[in-house]
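*Asks:* here you go, sequence then predicted model.
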Amino acid sequence: MTSEMRSRIIGTGKYQAQRILSNADLEKLVDTSDEWIRERTGIRERRLATEDVASSDMAAHALQEALQMAGKQPNDLDMIICGTVTPDRMLPATAAYVQKKIGASNHCASFDLSAACAGFIYGLSAADAYIKSGKAKTVAVIGTELLSRFMDWGDRNTCILFGDGAGAVVLTADTADRGILSTHQYTNAELTELLKIPAGGSLQPASPETVAANQHCIQMEGREVFRYAVRYLSSAAMTAVETNGKTPDDVNLVVAHQANLRILEGVSQRVKIPMERFVLNLEYYGNTSSASIPIALDEANRAGRIREDDILLMLALGGGISWGSALIKW
Ligand code: UT7
C-alpha cells in the first residue's frame, strides 16, 4: 500500500546573534531589575545582531546550515518562505535577498509571510500545502527577526523581552509515514491593537514626527497578550493532538514560541504535558518572534534530543492576534 504524501523536515539551522545583552545591562537603560525580569519572564539575557547584519544575513546563514544538514543544494529549493516582521526593506521581500545570498536559481519562488510570532507555524503550514498539492517538492521555511532595530529602548514593557536571531528548516515531499501530521492556524482580528508597530506602513507613513515618537517601534499590551496566549495555545495544542487521534501523553517534545516561561508553564498545566518535555531556551535568547521555534528546534535536533518517530508539538502566538500549531512525526 502506498502511504500518503507528507512534508518532512530534513534539515534545521540557526543564526545566533553575536552580542549578548544581559538583564544587568538593561538595568542601566530602564527602571527594571534582573530579579523582576527573571521572575516574570524567565529571561536572563538576549542576543542582539551587530550593525553590519540584516534579517536576510541571519536567514541566509540559518538556511545554509539547514541545507547542509539536509544534503541539499541551494538550486534544489523550489520555494523560500520567510516569516518576519523585521524585513530588510518594505520592498522587495527579505526572502528574495536570502535567495540571492545563498545563490539559489531563478526557478525558486521566494516570498515573505507576515504572521508575527506565529510566522514560522504559518510558513510551515503554507509549505506543507504547497508540497502536498505537488506544486513544490523542496521548500525552505525561515523565521528571521532583527527586533532590536524596532525597539524603544526606553520602554521597559517591551525592551526587556525581545532578541535577534534566525532559524530555518528544509522540507521535502516524502512518502514515508513521517512528517507534518497537521497544522492549524487562527487569527482573532478583534485584537489587532494589542501588539503592533504603529508607523512606517501605509496607515501611518514614516515621518520625522513618527520617528521622534518611536512609533516605528514595537508596542504591546503584555498582560492582555499573556492572557490570550495561555488560553489559545492550550486550545490549539488540544486540537492538534485530538485531530490526529492522539493524547497529550503521546507528545514527546513541545517546541513552542519562546515568549515567556510562565506562558509555557500555564500551557503545560492546562494540557498536562510536563515541562520536561518543553524545549526551553528563552533564558538565553528572549523572545525572537518567528525565529524562536526554528532556533529551539535546531538546538534540540543537534543536541540529539529528537528521535525518529517522536511526536513533536509546535505552538506559537503573536501579533494579529494570530496563533497556531503543528503536529509532526519526526
Ligand atoms: O511574542 C508575542 C507574544 N508576546 C507575549 O507572549 C508576551 C506576553 N506578555 C508577557 O510576557 C508579560 O505580560 C510581560 C512580561 C510583558 C509583563 O509581565 P506581567 O506579569 O504581565 O506584568 P504586568 O504588565 O502586569 O506589570 C506588573 C507590574 C506593573 O507595575 P504596577 O502597575 O503593578 O505597579 C508594571 O509597571 O510590573 C511593572 N513592570 C515592570 N517592572 C520592572 C512592567 N515591566 C517591568 C519591567 N521591570 N521591565
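*Replies:* Thanks, I have it.
*Asks:* which residues are in contact with the closest residue to Asn260 other than its chain neighbours?
*Replies:* Once flanking residues are discounted, Asn260 sits nearest to Thr41: 5.0 Å by C-beta to C-beta, 6 or more residues apart in numbering. For the C-beta atoms, the positions are set from N, CA and C on the backbone; glycine is no exception. Residues in contact with Thr41 (C-beta atoms under 8 Å, 6 or more residues apart in numbering) are 160-161, 260-262, 282, 286.
*Asks:* equivalent analysis for Glu45, please.
*Replies:* 20-23, 283-284, 286.
*Asks:* just the endpoints, please. Distance across stretch 124-143?
*Replies:* 10 Å (C-alpha to C-alpha, to the nearest Å).
*Asks:* so that it lines up with my notes, have the first residue be 56 from now on.
*Replies:* In the new count, where the first residue is 56, that last one comes out as stretch 179-198.
*Asks:* what is the rounded mean pLDDT of that stretch?
*Replies:* Averaged across stretch 179-198, the pLDDT comes to 97.
*Asks:* cool, and stretch 312-324?
*Replies:* For stretch 312-324, the mean confidence score works out to 98.
*Asks:* how about it and the ligand, touching?
*Replies:* Yes - counting by C-beta under 6 Å from any ligand atom, the ligand has neighbours in stretch 312-324: 314-315, 318.
*Asks:* go on, stretch 193-201?
*Replies:* No - using C-beta under 6 Å from any ligand atom, stretch 193-201 stays clear of the ligand, with a minimum separation of 10.1 Å.
*Asks:* and Ser237, that's in a strand?
*Replies:* Yes - checked against DSSP: H, G, I helix; E, B strand; the rest coil, Ser237 lies within a strand.
*Asks:* that one: what's it in contact with?
*Replies:* Counted by C-beta under 8 Å, 6+ apart, Ser237 has contacts 295, 298-299, 380-382.
*Asks:* ok now do the closest residue to the ligand within the stretch 256-385 of the chain, which residues does it touch?
*Replies:* With C-beta to the nearest ligand atom as the measure, Gly277 is the residue of the stretch 256-385 of the chain nearest to the ligand, at 2.7 Å. Gly277 makes contact with 212-213, 216 under the criterion C-beta under 8 Å, 6+ apart.
*Asks:* likewise Pro253?
*Replies:* Applying C-beta under 8 Å, 6+ apart, the residues near Pro253 are 259, 265, 270-271, 274.
*Asks:* and those residues, which are buried?
*Replies:* Neighbour-count burial (16 or more other C-beta atoms under 10 Å) is assigned, among the contacts of Pro253, to 270-271, 274.
*Asks:* hey, where'd the helices end up in the stretch 256-385 of the chain?
*Replies:* Taking DSSP state H, counting those that start in this stretch as the test, the helices found in the stretch 256-385 of the chain are 263-267, 277-298, 316-326, 337-340, 347-357.
*Asks:* helices or strands next to the fourth one in the packing?
*Replies:* When contacts are defined as 3 or more C-beta pairs under 8 Å, 6 or more residues apart in numbering; DSSP states H and E, helix 337-340 sits against strand 100-103, helix 347-357.
*Asks:* now, of these, which is deepest in the fold?
*Replies:* helix 347-357 (a mean of 25; mean count of other C-beta atoms under 10 Å).
*Asks:* right, is that one up against the ligand?
*Replies:* No - using C-beta under 6 Å from any ligand atom, helix 347-357 stays clear of the ligand, with a minimum separation of 8.0 Å.
*Asks:* this structure against the ligand: which residues are in contact?
*Replies:* Close to the ligand, as judged by C-beta under 6 Å from any ligand atom, the chain has residues 87, 91, 95-96, 172, 211-212, 215, 277-278, 280-281, 284, 314-315, 318, 342, 344, 372-373.
*Asks:* these, buried ones only, as a PyMOL selection?
*Replies:* Buried residues within the residues of the chain next to the ligand, by 16+ other C-beta under 10 Å, are selected in PyMOL with:
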select buried, resi 87+95+96+172+211+215+277+280+281+284+314+315+318+342+344+372+373
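*Asks:* quick check: closest non-adjacent residue to Arg233.
*Replies:* Lys384 (4.8 Å).
*Asks:* pLDDT score assigned to the residue of the stretch 256-385 of the chain closest to the ligand?
*Replies:* Per the predicted model, pLDDT is 97 at Gly277.
*Asks:* and it, how far from Cys214?
*Replies:* 12 Å (C-beta to C-beta, to the nearest Å).
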